[in-house]
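> Pasting the sequence and the predicted coordinates here, then a few questions.
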Amino acid sequence: MYPPGGPRQPEMNFDQILAQIRGAMAKLTGRFGGGGVGLLVFGIIGIAAVLWLATGVYTIGPGQAAALRLFGAVQGAPVDQAGLHWWWPAPIGKKKM
């Protein structure tokens with residue numbers, strides 16, 4: 001709680017949080033040979049992860065159903081709602097329509 005008549009202090013100091021994030025990134029990127037190279041490596045890994053996750057998007061048409069598998073085991077009842085869906089991409093998950 002703020003003292004009456006005193007200066008208001010923010011509950012979260014964003015400058016301090018950003019400084020901690022920058023410090024953590026500096027430690028991680030330092031292991032990959034410096035700021036620019038490390039950031040590039042993390043950027044490439046991040047883009048690859050987003051592209052891999054995007055391959056899990058699939059569409060079910062009217063009258064279709066999809067059986068979803070996670071590590072080979074069927075997960076629940078088949079999905080039969082028409083539209084756009086997402087499920088774990090290979091090799092973690094598989095979908096059979």
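Cool, the structure landed. The structure presented is a predicted model; accordingly, all values stated were derived computationally and were not measured.

> going forward, measure contacts and count neighbours with C-alpha atoms only.
Noted.

> Domains in the protein, by residue range?
For the chain, automatic domain parsing gives the domain ranges 10-54, 57-97.

> what about the last one, start to end distance?
To tie it back to what came earlier, the one meant is domain 57-97. Counting by Cα to Cα, to the nearest Å, you get 13 Å between the two ends of domain 57-97.

> Next, Pro89: secondary structure please.
Classification of Pro89 using DSSP: H, G, I helix; E, B strand; the rest coil returns coil.

> For it, give me its contacts.
Contacts for Pro89 (Cα atoms under 8 Å, 6 or more residues apart in numbering) come out as Trp52, Leu53, Thr55, Gly56.

> pretty sure Leu68 contacts Lys95?
Yes. Applying Cα atoms under 8 Å, one finds Leu68 in contact with Lys95, separated by 4.6 Å.

> low pLDDT regions in this protein?
Low-confidence segments of the chain, defined by pLDDT under 70: 1-10, 29, 31-36, 38.

> the helices in this structure, which residues?
Using DSSP state H, the helices assigned to the chain run over residues 14-30, 35-54.

> now the ones you listed as TSV including distance to Asp80 and mean neighbour count?
Compiled in TSV, the helices of the chain are given as follows (distance: least, Cα to Cα, whole Å; neighbours: other Cα atoms under 10 Å):
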stretch	distance to Asp80	mean neighbour count
helix 14-30	43	13
helix 35-54	21	13
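
> can I get these in CSV with distance to Ala77?
Output for the helices of the chain, formatted as CSV (distance: least, Cα to Cα, whole Å):
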stretch, distance to Ala77
helix 14-30, 42
helix 35-54, 23
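
> closest one to Val74 among the ones you listed?
Val74 sits nearest to helix 35-54 of all the helices of the chain, at 20.0 Å, using Cα to Cα.

> can you give me the angle that closest one makes with helix 14-30?
Counting by axes from the mean of the first three to the mean of the last three Cα atoms, to 10 degrees, helix 35-54 lies at 90 degrees to helix 14-30.
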